[in-house]
Structure formats: C-alpha cells, structure tokens
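[1] take this sequence and fold it.
(one chain, ligands or ions: 3)
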Amino acid sequence: MRLPERVVVGDDLLGTVGDEIREVREAKRALVITGPNVGRMFGEVVGRSLRDAGLDHGILIVDSPTKDEARRAAERAREFDVIIGLGGGKPIDVAKYAAHLAGIWFASVPTSAAHDGIASPMASLKDSDAPYSEMMSPPRIVIADIRAISSSPPNLSRSGFGDLLAKVTATKDWRLAKVEVGEYYGEYAAHLALLSAQVVMSNRKLIGRMDEDGIRVLVEALISAGVAAGIAGSSRPCSGSEHLISHALDIISQGKGLHGEKVGISTTIAARLHGMNWRRILRALDDVGAPTSFGQLGIAREEVCRAIVMAPSIRPNRYTILHKVRPDHAQACSLVDELGVA
Ligand SMILES: NC(=O)C1=CN([C@@H]2O[C@H](COP(=O)(O)OP(=O)(O)OC[C@H]3O[C@@H](n4cnc5c(N)ncnc54)[C@H](OP(=O)(O)O)[C@@H]3O)[C@@H](O)[C@H]2O)C=CC1
Ligand SMILES: O=C(CO)COP(=O)(O)O
Ligand SMILES: [Zn+2]
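    Numbering: from 1, shown residues only. Ligands and ions are numbered 1, 2, ... in the order given. A predicted model of the protein is given here:
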C-alpha cells in the first residue's frame, strides 16, 4: 500500500506550506510546480511561507500535463530536495511524475476540489502511450486549504463531485471483473471508494451551497478515494467503465469539459448498463448544479456515441460492463437518447 505520510486539512494553510514541509522532512530547496492562474493567485503566499521557513524555492509554471513537460520539470528538479504541486489536477500530476523521475519526494497542495488525484499514487499524463493514469508514488504530504479551495470557481468542485459519483460504477465494474474474469478484488479498497461516493451523495445539498462546510466534506472524500487507490495499488476502485467513456471523449472531443464533469455524466451510462438506478445519479449531479448532459460541455451526441463504442478498447486488462455488453454505434446512441444525456 502506498499512502501519504501526513494529510493536513484546514483553513488558511497556504501560508504554512513551508513549515509543514520542514516538519515532514529536512529540506533546503523546494520547486513549486503550478498553473498560470494559480501561480498568479497563490504563488506569492506559498513562496513567502517557504522563505519564512528557510527554504530556497523556484517556481515552474506548467500549461499542459504532458510527459514532455514533466521531463523538463524533472530536469529542473534535480537542483531541489522536494517538489510542491500547487493547483488543480494537471500541475499535481506533473509534480507527481517529475518527482518520480527525479527521485525526490513531493507535496500535494490542491487549490481546487475537481478530481481525486490529490492524494492518489497515480498520474495521468496526456502524451503518454495510454490515455489513463500510471502508478507513481503518493504525495508524502497533502495540504488542503479549505478557504482557498472554497474560493475556486464552483464548476471545479462540481467536477470533483462527479469524479466521486463514479465510484458507484467503478466498484461495481471491479466486482464484475472478479466474477467474470477472476481479477483480484480488494474488498476494503472498494468499500472505502464507495463510501466516498455515498458521503458526498448524502451531503449533496450541503455541497451544492459551495460553502466551506460542504467543500470540506468534498475534499475529505476526494482524499479518501485517492487513499483507496493507494490501498488497492491501482486506480481500479476509482475508475471503471465511466472513466473509459471519459477517456475516449478526451480523444474524440479534446479540450471539452472538465475530467469530473465528463466522468459524472458517463456514470449514468455505466449505471444503466449495470441495471442500477441511473436516475439517482443524474438527480445528484443536478442537485449540486453539475452538468447533466454532454451538450452542456459542447460535446455532440455523435461524439458521445463514438466514445461509448471506443471505450472498451481504451484499456487492456481492465474488464468492465462495457467489455461484457460491447454496445455497437446504434445501441450506444439509443442508450444516450434513453438517458437524455446528449
Ligand atoms: N492522478 C489522478 O489520480 C487523477 C488525475 N486526474 C487528472 O487531473 C486533470 C484534471 O484536473 P482539473 O483540476 O480538473 O484540471 P486543471 O488542473 O486543468 O484545472 C482546471 C482549471 O482550474 C484552475 N484552478 C485551479 N484552482 C483554482 C482556484 N483556486 N481558483 C481559480 N482557478 C483555479 C486551473 O488554473 P491553472 O490554469 O492555473 O492551472 C485550471 O485553469 C486531468 O488531466 C485528469 O486526467 C483526474 C483524476 C485523478
Ligand atoms: O481519474 C482517475 C480516478 O478518478 C484515474 O483513473 P484512470 O486510471 O482511469 O486514469
Ligand atoms: Zn477520475
């Protein structure tokens, strides 16, 4: 099992990043990897906290989560003892991969609650051979500043809610794979991932308000889901057929919609194929104000039909309901029409 050593969740933590880093391990030089907007918003406060804690630091702005970008970051990181991934899923994934290549540890400092990669040991890099995550090491420390995350645009938190709902079908797919193809099924990791979905489902009204109380529930659930992946040793408890549809859309409809938005809507399709209550998933998305149709993300019906057909070929060795049903184009389109998610 690969788990973070320390997880700190609370208010106004960005100004304590330097002290937290020093608390976990002796370090003299920290490289902050962040995005352009987040760097502008929070780079200074984090930089000051590092200086105050006696750490020299550099800042690297990354635009896209590619392996090329992560390799460049790893080269730069050779002059540093620790990498800090500050921002959304993309800089955190680049930080994770760069730390892995450079052989140093890294800290995850999320500024949004849009995905469950905050505490997970996986990174998704976009120019890799495969359009899904690879195993790395988890962050040694996670510092989640609820106040900063609560001030992020609400569509980011709604996306995180969608990424968590996915655990309902991801864990169902995992159990199916045990029954149909004899895959290892981790009962504990599956229950933990499912719990993160159940907790946000039952707190959806609170989360929908997007205040600090609701965001805290969401962030803790995202961290828990990442821990479930750390326990399983793969993203299996967090990613099933719904993620395959979203990965296919990343290829077919590049740049449209956030990861968790696509995953959330795709969860209704996966739930329908499993014979589960898909309307409940759709209502939950609606209750927090998340998109309930691909059209809202600028993705056309035809693109969704093609993504459903493509999805089973995306990832070898991860059996899901899509591998069992293998919908053809006409069946995929009628599924989309039945659910009204086009
Ligand atoms: N490793 C894993 O286990 C997982 C990885 N992922 C990956 O994560 C990525 C998706 O992450 P996601 O966070 O949705 O996308 P991004 O990292 O692209 O973040 C989306 C946008 O939010 C902005 N942002 C972040 N925080 C704030 C804030 N506080 N205020 C204002 N704007 C903010 C970012 O700014 P800026 O431009 O500065 O970056 C960016 O423009 C995908 O690549 C996906 O594959 C998803 C799930 C799990
Ligand atoms: O997004 C993820 C979990 O939420 C990672 O899943 P993948 O391994 O399918 O990329
Ligand atoms: Zn995901």
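
[2] the longest helix in the chain is where?
    Of all the segments assigned as helix in the chain under DSSP state H, the longest by residue count is helix 212-232.

[3] quick one: distance of that one to the chain centre.
    With CA atoms, centre = their mean, to the nearest Å as the basis, the distance from the averaged C-alpha position of helix 212-232 to the chain average is 10 Å.

[4] in that helix, what's buried?
    Within helix 212-232, the residues scored as buried using 16 or more other CB atoms under 10 Å are 214-232. (C-beta placed from N, C-alpha, C; glycine too.)

[5] check stretch 30-49 too.
    Of all the residues in stretch 30-49, those buried under the rule 16+ other CB under 10 Å are 30-35, 38-39, 41-43, 46-47, 49.

[6] also stretch 242-262?
    Buried residues in stretch 242-262, counted by 16+ other CB under 10 Å: 242-250, 252-253, 256-262.

[7] could you give the mean pLDDT of that stretch?
    The predicted model gives stretch 242-262 an average pLDDT of 97.

[8] span of it from start to end?
    By CA to CA, to the nearest Å, the extent of stretch 242-262 from end to end equals 9 Å.

[9] what about the residue of the chain most remote from its centre, which SS state?
    Checked against the mean C-alpha position of the chain, the extreme residue using CA atoms, centre = their mean is Gly54, at a distance of 31.9 Å. Judged by DSSP: H, G, I helix; E, B strand; the rest coil, the three-state class of Gly54 is coil.

[10] please apply the same query to the one 3 residues further on.
    Three-state secondary structure (criterion: three-state DSSP) places His57 in strand.

[11] mark out where each domain of the protein begins and ends.
    The record's domain split for the chain, according to the TED database, is 6-151, 154-339.

[12] near ligand 2 at all, the last one?
    Yes - counting by CB under 6 Å from any ligand atom, contacts between domain 154-339 and ligand 2 involve 163, 235, 238-239, 243.

[13] tell me the two of these that are most distant?
    Maximum pairwise distance among the residues of domain 154-339 next to ligand 2 (CB to CB): 11.2 Å, between Asp163 and Ser235.

[14] neighbours of the closest residue to Arg204 other than its chain neighbours, how many?
    In space, and not counting its chain neighbours, Arg204 is closest to Asp287: 4.7 Å by CB to CB, 6 or more residues apart in numbering. Using other CB atoms under 10 Å, the number of residues around Asp287 comes to 14.

[15] next up, the contacts around Asp287.
    Contacts for Asp287 were tallied using CB atoms under 8 Å, 6 or more residues apart in numbering; they are 204-205, 208.

[16] which of these sits closest to Leu282?
    Each of the contacts of Asp287 was checked against Leu282 using CB to CB; the closest is Arg204, at 12.3 Å.

[17] how close does that closest one get to ligand 1?
    19 Å (CB to the nearest ligand atom, to the nearest Å).

[18] pull out the buried residues from the strand or helix carrying Ser157.
    If you go by DSSP states H and E, Ser157 is part of helix 154-165. Residues of helix 154-165 classed as buried under the neighbour-count rule (16+ other CB under 10 Å) are 155-165.

[19] where does the stretch 51-200 of the chain dip in pLDDT?
    Along the stretch 51-200 of the chain, no part satisfies pLDDT under 70.

[20] what does it put close to ligand 1?
    Taking CB under 6 Å from any ligand atom as the criterion, the contact residues of the stretch 51-200 of the chain with ligand 1 come out as 65, 87-91, 93, 111-112, 114-117, 120, 122-124, 133, 148, 152-153, 156, 159, 163.

[21] please consider this matter closed, and thank you.
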